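# turn this into a structure:
(chains A and B)
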Amino acid sequence: MEWANDKSKGGVLAHLERLETQMSRSCKNLEDPPRETAESDLGTKIRKLRCLRDKLRAEVKQRQARIKASTANAEPDQTLEISEQEAVGGKEENMKAILQAYRFTGINLFASGLSGKRTSRGVCVCISTAFEGNLLDSYFVDLVIQKPLRIHHHSVPVFIPLEEISAKYLQTNIQHFLFCLCEYLNAYAGRKYQADQLQRDFAAFLAGPLQRNSLCNLLSFTYKVEPQSRSFPFCARLLYKDLTTTLPTDVTITYQGTDASSTSWEEQRASHENLFFTKPLHQVFTSFARNGERLDMSLVS
Amino acid sequence: MDETVAEFIKRTILKIPMTEMMTILKAWDFLPENQLQTVNFRQRKESLVQDLVLLCENKRASLRDAALLDIIYTQFHRHQKVWDVFQMSKEPGEDVDLFDMEQFKSSFEKILRRALKNVTVSFRDAEENAVWIRIAWGTQYRKPNQYKPVFVVYYSQTPYAFTSFCHLKSNTPLLSQALTVASNHHKIVKMDLRSRYLDSLKAIVFKQYNQKFETHNSTMPLQENLELDMHMDSRIIHENRIEKERVQRVTQETFGDYPQPRLEFAQYKLETKFKSDFHGGILAERKEPLRCLIKFSSPHLLEALKSLAPAGIADAPLSPLLTCIPNKGMNYFKIRDK
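Numbers count the residues shown, from 1 in each chain, chains lettered A, B, ... in the order given. As a prediction, the model looks like this:
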């Protein structure tokens, strides 16, 4: 309500400028003198290493994406950025800008499952998720066009880091916020789909229930590859440390059968590891089912 | 079978209403189907319970089995307990949470046992990747009291835990520590939110209570209903039609169209100075703040609040102290002068 009144004192932009200078002033005041304890040094080191790791991960992903790149898919940073000016200049313009952005990037956005509808207070964004051409759940985020932009209510599951993503991007780059959220939700939906498929269609290959968690980023199960075999010789532990992917980042397969001496078990174990790294979970089991006794080595590519 | 265990099982089964008996026993899955079929479920409850306890004895039910039955009973009758909510937090920039349910359970139990030898801990997996934990507390010299257990419900990879009210407050720090460490969090804080309705608490903190979204297919239903009422009979003129419409609109904006989560009370502890226009009144000079406690109770508080303005009992909009309850996730407040 404040900013509406301040319109007389040089407009909304001037008000924002004032807020900005206020903020940078108070930031300077809050800067602590550097602490020279070993603990804070280690902490800083950890943060730097994490930063570097994230940068490297992002680079790897970018390169992978470039390799896969088709002309139809534009990269996020090519799409229309809503400048701060537009974000500030009244409700009407901002909504127009957002909706224009959707139309502007056209197919790309719809391909990524984003659609929006104007509401009395802003826009309600619908994020549809899909995996391998199967349409999965849709999630909604109802945005109120105010300064600051805020989320009125949403249907994003509580274990998806929505607060984190909003804190980083909501105020400065709405599109990136939506793309980021889209990434997380699609990846979650994809992982969940794989885990559900495994439980539903390949229960016969598993000894006991599939162990999982809310994000489906840690899966643990004991399995066999021969449908007629009575023992379940392999133990799998799949970790998905990158919440924006649908393939695991860590795979550990252990052989717990009695015939530990035979080298073929070791070969199988190693090839399974590779399979789980490169193929979706249920597809791995589809190939187990299809090949019966011997794993076709040509699948491992 | 231990006598105490037999007694415990007997008392637990006695609590189960006859209509739920079969369902709960099946969920327990301790007595096999064929054995249950040999029991006469039409006899008087006391005799039925005796028969069932005998079957349990023959199958050598352990304390573990009995605790599991207690969990299942409580899951069916969760509103018989009063639930508190704890909120946990992590350090910023933490790595992705790779929650392993088995690791969580073993870590949780280990932490409790390290501090307290006499404790019974039991787990039961639930839907939505959650777990129900039952803890019976003992002391250094006394065996755990199986009749006053604490229940904890935790949904994996969320920062919230729901605990049933515990008379023994001394064990709360230990329980908090176990929860925090086992679930990979750093800090834990008790929220000012309490209710019998566990599912409503979950809806409030998980922000799942408003799931109505305007999609391309939906329409605006609000205005239609109101106009229908107003034009029922053309011989009746509503003099305050405009005001009524305003009240409806404000109520709808505040409370939405969705069913409200269920709470039984809202409590406000006031500590404020007396403010008066009359100078020199008795209370105006008083330096100490006035203290009072205001409690609103209802079988369904939020629905009741929602109906206040349309019923003409209160002005719309209602005080934000009342309307902020689900949004802030609080139903007891301390209000002091700023």
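# only C-alpha atoms from now on, for both contacts and neighbour counts.
Noted.
# tell me where the stretch 1-150 of chain A has helices.
A:2-5, A:11-30, A:38-68, A:84-88, A:90-105, A:107-111 (DSSP state H, counting those that start in this stretch).
# mean confidence for the fourth one?
When the per-residue pLDDT values of helix A:84-88 are averaged, the result is 40.
# picking that back up, ranking the helices of the stretch 1-150 of chain A by mean pLDDT, which is last?
Going by mean pLDDT, the lowest-scoring of those is helix A:84-88, which has a mean of 40.
# so who does A:Val141 touch?
A:Cys124, A:Val125, A:Cys126, A:Ile151, A:His152, A:His153, A:His154, A:Ser155, A:Val156 (C-alpha atoms under 8 Å, 6 or more residues apart in numbering or on different chains).
# what about the closest residue to B:Pro326 other than its chain neighbours, helix or strand, and which?
Nearest residue to B:Pro326 in three dimensions, chain neighbours excluded: B:Ile204, at 5.7 Å (C-alpha to C-alpha, 6 or more residues apart in numbering or on different chains). Secondary structure from DSSP states H and E places B:Ile204 in helix B:198-205.
# excluding sequence neighbours, find me the nearest residue to residue 193.
I'll assume chain A. A:Phe131 (7.6 Å).
# let's do chain B instead
Excluding the flanking residues, the one nearest B:Leu193 by C-alpha to C-alpha, 6+ apart is B:Met330, at 4.7 Å.
# same deal with A:Ser128?
A:Ser138 is the one closest to A:Ser128 (C-alpha to C-alpha, 6+ apart), at 4.2 Å.
# the one you found touches A:Ala130, doesn't it?
No. Using C-alpha atoms under 8 Å, A:Ser138 makes no contact with A:Ala130, being 9.0 Å away.
# and those two? which has more neighbours close in?
Per other C-alpha atoms under 10 Å in any protein chain shown, whichever of A:Ser138 and A:Ala130 has more neighbours is A:Ala130, with 20 against 17.
# if you tally nearby residues, what's the number for A:Leu239?
Other residues close to A:Leu239 by other C-alpha under 10 Å number 19.
# actually A:Ser26, not the one I typed
11.
# re the thing from before, from the contacts of A:Val141, list the ones also adjacent to chain B.
Checked against chain B using C-alpha under 8 Å from any C-alpha of the partner chain, the contacts of A:Val141 yield the following neighbours: A:Cys124, A:Cys126, A:His153, A:His154, A:Ser155.
# what sits closest to the fourth one if chain neighbours are left out?
Right, the one you point to is A:His154. Here the residue nearest A:His154, using C-alpha to C-alpha, 6+ apart, is A:Val141, at 4.4 Å.
# what's across from that neighbour in the sheet?
A:Val125, A:His154 (DSSP bridges).
# also B:Tyr268?
Bridge pairing for B:Tyr268 - DSSP bridges - gives B:Ile294, B:Phe333.
# any idea how far A:Val12 lies from B:Arg134?
Counting by C-alpha to C-alpha, to the nearest Å, the gap from A:Val12 to B:Arg134 is 56 Å.
# state the distance from B:Gln260 to chain A.
According to C-alpha to the nearest C-alpha, to the nearest Å, B:Gln260 and chain A sit 14 Å apart.
# quick one on the thing from earlier: of A:Val12 and B:Arg134, who's got more company?
Shown here are A:Val12 and B:Arg134; by other C-alpha under 10 Å, B:Arg134 has more neighbours (24 against 19).
# quick check on that one: phi, psi?
phi -120, psi 130 (degrees, to the nearest 10).
# check contacts around the closest residue to it other than its chain neighbours.
Closest residue to B:Arg134 apart from its sequence neighbours, by C-alpha to C-alpha, 6+ apart: B:Phe151 at 4.7 Å. By C-alpha under 8 Å, 6+ apart, the residues touching B:Phe151 are B:Ile71, B:Trp132, B:Ile133, B:Arg134, B:Ile135, B:Thr163, B:Ser164.
# out of those residues, which comes closest to chain A?
B:Trp132 (14.6 Å; C-alpha to the nearest C-alpha).
# quick check: pLDDT value at the residue nearest to B:Arg134.
On the pLDDT scale, B:Phe151 gets 97.
# before we move on, the earlier item: what is the mean pLDDT for the helix holding B:Ile204?
pLDDT averaged over helix B:198-205 gives 96.
# pull out the buried residues from that helix.
B:Leu198, B:Ser200, B:Leu201, B:Lys202, B:Ala203, B:Ile204, B:Val205 (16 or more other C-alpha atoms under 10 Å in any protein chain shown).
# tell me the one of those residues nearest chain A?
Nearest member of these to chain A, counting by C-alpha to the nearest C-alpha, is B:Val205, at 8.8 Å.
# right, and B:Thr158 touches A:Asn213 too?
No. Counting by C-alpha under 8 Å, B:Thr158 stays clear of A:Asn213, with 10.6 Å between them.
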